[in-house]
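In: kindly generate the corresponding structure for this input.
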Amino acid sequence: MCSCEEVVEELQRKLLRNESLTETDKQNLQELCELTGWDEEDVRNALVGKTPQFYKYFMEARRHELWLEKKEAARKLWGALTALLCSNIKEVCTLEARIDDPLTDSLIVYTKDLYRHIDDFSDIAFRRRFRQCIKLFNELIKRRGGLIEEKRAVRKRKLEEICKLYQKARDLLEEIEIDIEDLVKANDKSDFIRYYEDDFAPLRLRRQELIYQTEKGYEVYVKDGAIYLFKGLKLILEA
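Out: Okay, here's the model as predicted:
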C-alpha cells in the first residue's frame, strides 16, 4: 500500500505532465479531498503548487453554519484549518505529527472530531462545538498577526471601491440619458420609442440609422434600433 506522500508525488507527476488519471488515481484524488477538506479543484491546484486560501474556507464554513448545514460547515472548517497550517498537501498528511503547541493541537482535535463525526452531533451540540472551534481559530489568528481582521479590512475596501464604481456608472448612464433626450429635441419625436426596462434605458429609434455628436464629446450612432455611444474611437456603451 502506498503512503500518503507517495500518492501525492504520483498525482503531482501526472498532473504536471498533463497525463490521464487512472481510476485508482481518481479515487486517490477523492481521498485527498477527504483528507484536506478541500474541493477537488483546490486539491488539483495544490498538487501543482497553489494551496487554497484559508479565508475562503473559513467564510464558507461560517455561512454553512449559519444555515445549519452541518456537514458542509464541518468540512469547510477542517479545510480552513489545513489551509492555514499547511503550505502543501504533504504537510496535511503529517499534520498531527508535526504539531507541538497546545492551542493548535486543541483546534485540530476539536475540528477533526466535528468533521469526522458530524452525524453524532445534535444541532445544539454542533453549534456549541463550532463556536468553540471559532474561538480557538481567532486565538490562533491573533497570535499570527490578526489575519482575519486584515481580511475583513481588505473586504471592506473592495466593497467601498465597488460602491464608487457603481455610483460612477449610474452618473454616466444619467448623463447618457440627458444627451439622448437632447437628441430627441433636435429631431422628430415620432422617430423615437420610449423603452422602460430600467431607470436608465435610453430611447429607441424608429429610423434605421442616425449619427449624432453631443456637446460633451460623445458620438451617438444609432442603427437597427440599437444605440451605440462612443468617445473618440472607444465604445462606451452599447444599448
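
In: how does this protein divide into domains?
Out: 4-145, 175-238 (automatic domain parsing).

In: what's the least confident stretch among these?
Out: For the domains of the chain, mean pLDDT drops lowest on domain 175-238, to a mean of 56.

In: can you pull out the strands in the chain?
Out: 192-193, 204-205, 209-213, 219-223, 226-231, 234-238 (DSSP state E).

In: can you pull out the helices in this protein?
Out: Applying DSSP state H to the chain gives helices spanning 4-16, 23-36, 40-47, 54-66, 70-85, 89-93, 95-98, 102-116, 123-143, 147-186.

In: how about these in a markdown table, adding mean neighbour count?
Out: All C-beta atoms are positioned from the backbone trio N, CA, C, and that covers glycine. Output for the helices of the chain, formatted as a markdown table (neighbours: other Cβ atoms under 10 Å):
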| stretch | mean neighbour count |
| --- | --- |
| helix 4-16 | 16 |
| helix 23-36 | 15 |
| helix 40-47 | 18 |
| helix 54-66 | 19 |
| helix 70-85 | 23 |
| helix 89-93 | 19 |
| helix 95-98 | 12 |
| helix 102-116 | 17 |
| helix 123-143 | 15 |
| helix 147-186 | 13 |
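
In: pull up the distance across stretch 59-78, start to finish.
Out: Length of stretch 59-78, first residue to last, Cα to Cα, to the nearest Å: 12 Å.

In: does Tyr115 touch Ala73 like I think?
Out: No: taking contacts as Cβ atoms under 8 Å, Tyr115 lies outside contact range of Ala73: 9.6 Å.

In: what's next to stretch 4-16, contact-wise?
Out: Residues outside stretch 4-16 that contact it (Cβ atoms under 8 Å, 6 or more residues apart in numbering) are 2, 19-21, 25, 28-29, 31-32, 35, 44, 47-48, 89-90, 93-94.

In: ditto for stretch 122-130
Out: Glu65, Leu68, Lys70, Ala73, Ala74, Leu77, Tyr110, Asp113, Leu114, Ile118, Phe121.

In: repeat that with 10 Å
Out: Identification of contacts with stretch 122-130 by Cβ atoms under 10 Å, 6 or more residues apart in numbering yields 61-62, 64-65, 68, 70-71, 73-74, 77, 110-111, 113-114, 117-118, 120-121.

In: repeat that for stretch 40-48.
Out: Applying Cβ under 10 Å, 6+ apart, the external contacts of stretch 40-48 come out as 8-16, 21, 26, 29-39, 50-53, 56-57, 79, 82-83, 86-90, 92.

In: mind redoing it with 7 Å?
Out: Contacting residues not belonging to stretch 40-48 are listed as 8, 11-12, 15-16, 29, 32-33, 36, 38, 52, 88-89 [Cβ atoms under 7 Å, 6 or more residues apart in numbering].

In: closest to Lys142 out of the residues you listed?
Out: Among these, Pro52 lies closest to Lys142 (Cβ to Cβ), at 21.9 Å.

In: let me see the backbone angles for that closest one.
Out: Here is the backbone geometry of Pro52 (degrees, to the nearest 10): phi -70, psi 160.

In: from Leu103, how far out is the closest residue to it other than its chain neighbours?
Out: Spatial nearest neighbour of Pro52, excluding adjacent residues (Cβ to Cβ, 6 or more residues apart in numbering): Asp42 at 4.1 Å. Distance, Asp42 to Leu103, by Cβ to Cβ, to the nearest Å: 26 Å.

In: now swap in Gln53 and tell me
Out: The gap separating Gln53 from Leu103 is 22 Å, by Cβ to Cβ.

In: circling back to that earlier point, could you dump the contacts of stretch 40-48 to CSV with distance to Gln167?
Out: Formatted as CSV, these follow (distance: Cβ to Cβ, whole Å):
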residue, distance to Gln167
Val8, 48
Leu11, 48
Gln12, 47
Leu15, 44
Leu16, 46
Leu29, 45
Leu32, 45
Cys33, 42
Thr36, 41
Trp38, 38
Pro52, 33
Asn88, 43
Ile89, 44
